[in-house]
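Participant: Just need the structure, nothing else, for what follows:
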Amino acid sequence: MSNRNRPLAIIVVALVAGAAGFWFATRQPPAAPPEASTAAARTTPELRPQFTLNDVEGKARSSDEFAGKAVIVNFWATWCAPCRREIPLLNALHAEYGPRGLQVIGIAVDSRENVVAYQKELKLEYLSLQGELEAMDVGRKFGLDLYGLPVSVFTDTQGRILGVHVGELTREDAEGYLAKML
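Facilitator: Sure, this is the predicted structure:
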């Protein structure tokens, strides 16, 4: 491929990937309220699984670091519009509930370069971990296929998984889970 056609090919690939992501995201079942049982809850393990991923500085971070904390694990990507829209809410939840023992962890299913560049645009105030296939593997440990993003998993201070929310998170959704987590 000539260098002149490369930008066009990149744009076409990005558009196809975005359309596929949108198609999969819109085919996910609607999110259930925190007290409802969903198919995701049936395949989700009872406890938050152990995992290790790198943060954006390249340092390995283990889920063991969050023992005794209520945790929101948010799977997202830089190319995902709903993911980008919910980051300010996750920042606010981290600031508001962090002193009460909440840890928000963003797991970017994306390249380190994309996440670092994105964080220059919009600061994530909570811990951001990253991996491409590795992040997908962590999703599978949670019982998730991650066909559509974002997906948020809510765990209490004992590491019990209380719920899985597929799609963009609202404050109302989050507070329903947080009432049970903290």
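Participant: so how far is the helix or strand hosting V164 from its chain's centroid?
Facilitator: Here V164 is covered by strand 161-166, with elements defined by DSSP states H and E. Computed by CA atoms, centre = their mean, to the nearest Å, the separation of strand 161-166 from the middle of its chain amounts to 11 Å.
Participant: by contact count, what packs against it?
Facilitator: Applying 3 or more CB pairs under 8 Å, 6 or more residues apart in numbering; DSSP states H and E, we find strand 161-166 packed against helix 39-43, strand 151-155, helix 171-181. Where C-beta positions appear, they are placed from N, C-alpha and C, glycine not excepted.
Participant: let's see it at 6 Å
Facilitator: Strand 161-166 is packed against strand 151-155, helix 171-181, with contacts defined by 3 or more CB pairs under 6 Å, 6 or more residues apart in numbering; DSSP states H and E.
Participant: okay, the ones you listed, which one's buried deepest?
Facilitator: Highest mean neighbour count of these: strand 151-155, a mean of 25 (counted as mean count of other CB atoms under 10 Å).
Participant: What is that strand packed up against?
Facilitator: Packing partners of strand 151-155 (3+ CB pairs under 6 Å, 6+ apart): strand 70-76, strand 161-166.
Participant: Okay, now the sheet partners of that strand, with direction.
Facilitator: strand 70-76 (antiparallel), strand 161-166 (antiparallel) (DSSP bridges).
Participant: Could you save those strands as CSV and add columns showing mean neighbour count and mean pLDDT?
Facilitator: What follows is the strands paired with strand 151-155, written out as CSV (neighbours: other CB atoms under 10 Å; pLDDT from 0 to 100):
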stretch, mean neighbour count, mean pLDDT
strand 70-76, 25, 98
strand 161-166, 22, 96
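Participant: tell me the mean pLDDT for stretch 120-133?
Facilitator: Stretch 120-133 carries an average pLDDT of 91.
Participant: buried ones in it?
Facilitator: The neighbour-count check on stretch 120-133 (16 or more other CB atoms under 10 Å) flags L124, Y126, L127, S128, L129, Q130, G131 as buried.
Participant: Out of the strands paired with strand 151-155, the one nearest Q119 is which?
Facilitator: Minimum separation from Q119 across these (CB to CB) falls at strand 70-76, 12.1 Å.
Participant: Give me the nearest residue to D156, chain neighbours excluded.
Facilitator: Using CB to CB, 6 or more residues apart in numbering and skipping residues adjacent in sequence, the residue nearest D156 is M181, 4.9 Å away.
Participant: show me what contacts the one you found?
Facilitator: Neighbouring residues of M181 by CB atoms under 6 Å, 6 or more residues apart in numbering: A70, F154, D156.
Participant: what's the distance between the second one and R48?
Facilitator: Going back to what we said before, that points to F154. Using CB to CB, to the nearest Å, F154 is found at 10 Å from R48.
Participant: now the spatially most central residue of the chain, nearest residue through space, not along the chain?
Facilitator: In the chain, the centroid-proximal residue (CA atoms, centre = their mean) is F75; its distance is 1.6 Å. Closest residue to F75 apart from its sequence neighbours, by CB to CB, 6+ apart: V151 at 4.6 Å.
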